[in-house]
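>>> Prediction below, plus the sequence it came from.
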Amino acid sequence: MTAVLFDGSNVYNRLREIYPLPQPLPRIDYTKLANWVSDTRLNKKIYYAGRIKAKPGDLHSIGMMKSQQKLTTKLLNAGWEIKLGYIMESFGEFHEKGVDVNIATDLLIGAYENLYNTVYLVSSDTDLIPAIEKAISKGLRIVYVGFEHNPSNGLKGNCSEFKLISKSDLERNCLSL
């Protein structure tokens, strides 16, 4: 069994580094991306993100919430599982909460219950390293999938293997029509 665990916010931030504002992000087909990074048939695809809530009268937050709903609906229709944490505002800054814990929990459950042989982890979040190390010690193969322009050396050094995605890889293999 093979799974891809996809950290939506982390990937969004890496994509914004490749395609900085004000240019729009290209339309990435996450299913194509997941299939391209894996070397075998995927049995499970999970997308993690913080749930965006609209503030009454705030057109920007309403637009962001609608975009997230559109994406998650598209992913659900393509067979993805969606796991949402939440977003907390603190002193005018927004922080995603619960997403890393959900990913770490799924890595450990997958390892302890032998749910997967291989997990493709599309995230550059080093907070996951303790869970990664434990899951690998239980026999799970974890492939870190990062971005060539800004890879996580911590994840490269602590996962079983790694695969780095370039801008040209995205544009050749992962854009939606």
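That came in fine, so what should we check first?

>>> CA atoms for contacts and neighbours, from now on please.
Fine.

>>> Could I get the full set of helices for this protein?
Ranges of helices in the chain, per DSSP state H, are 8-18, 30-37, 59-77, 99-112, 129-137, 153-158, 167-173.

>>> now the helix-or-strand element of the chain with minimal mean pLDDT against helix 8-18, angle please.
The helix or strand of the chain with the poorest confidence is strand 93-97; it has a mean of 79 (mean pLDDT, DSSP states H and E). In terms of direction (axes from the mean of the first three to the mean of the last three C-alpha atoms, to 10 degrees), strand 93-97 departs from helix 8-18 by 130 degrees.

>>> Could you export the helices of the chain as a markdown table, including mean pLDDT, mean neighbour count and distance to residue 48?
A markdown table is the format used below for the helices of the chain (pLDDT from 0 to 100; neighbours: other C-alpha atoms under 10 Å; distance: least, C-alpha to C-alpha, whole Å):
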| stretch | mean pLDDT | mean neighbour count | distance to residue 48 |
| --- | --- | --- | --- |
| helix 8-18 | 92 | 15 | 6 |
| helix 30-37 | 92 | 18 | 12 |
| helix 59-77 | 90 | 14 | 10 |
| helix 99-112 | 97 | 18 | 6 |
| helix 129-137 | 98 | 17 | 16 |
| helix 153-158 | 97 | 17 | 18 |
| helix 167-173 | 92 | 13 | 20 |
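
>>> Reformat these as CSV; add distance to residue 146.
Converted to CSV, these look like this (distance: least, C-alpha to C-alpha, whole Å):
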stretch, distance to residue 146
helix 8-18, 8
helix 30-37, 10
helix 59-77, 20
helix 99-112, 16
helix 129-137, 14
helix 153-158, 9
helix 167-173, 12
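
>>> Out of those helices, flag the one nearest residue 43.
helix 30-37 (10.6 Å; C-alpha to C-alpha).

>>> residue furthest from the geometric center of the protein?
Distance from the centre of the chain peaks at residue 57, with 29.8 Å (C-alpha atoms, centre = their mean).

>>> Could you check how far it is from residue 63?
Between residue 57 and residue 63 the computed distance is 11 Å (C-alpha to C-alpha, to the nearest Å).

>>> Residue 41 now?
35 Å.

>>> can you check residue 155 too?
From residue 155 to residue 63 the distance is 33 Å (C-alpha to C-alpha).
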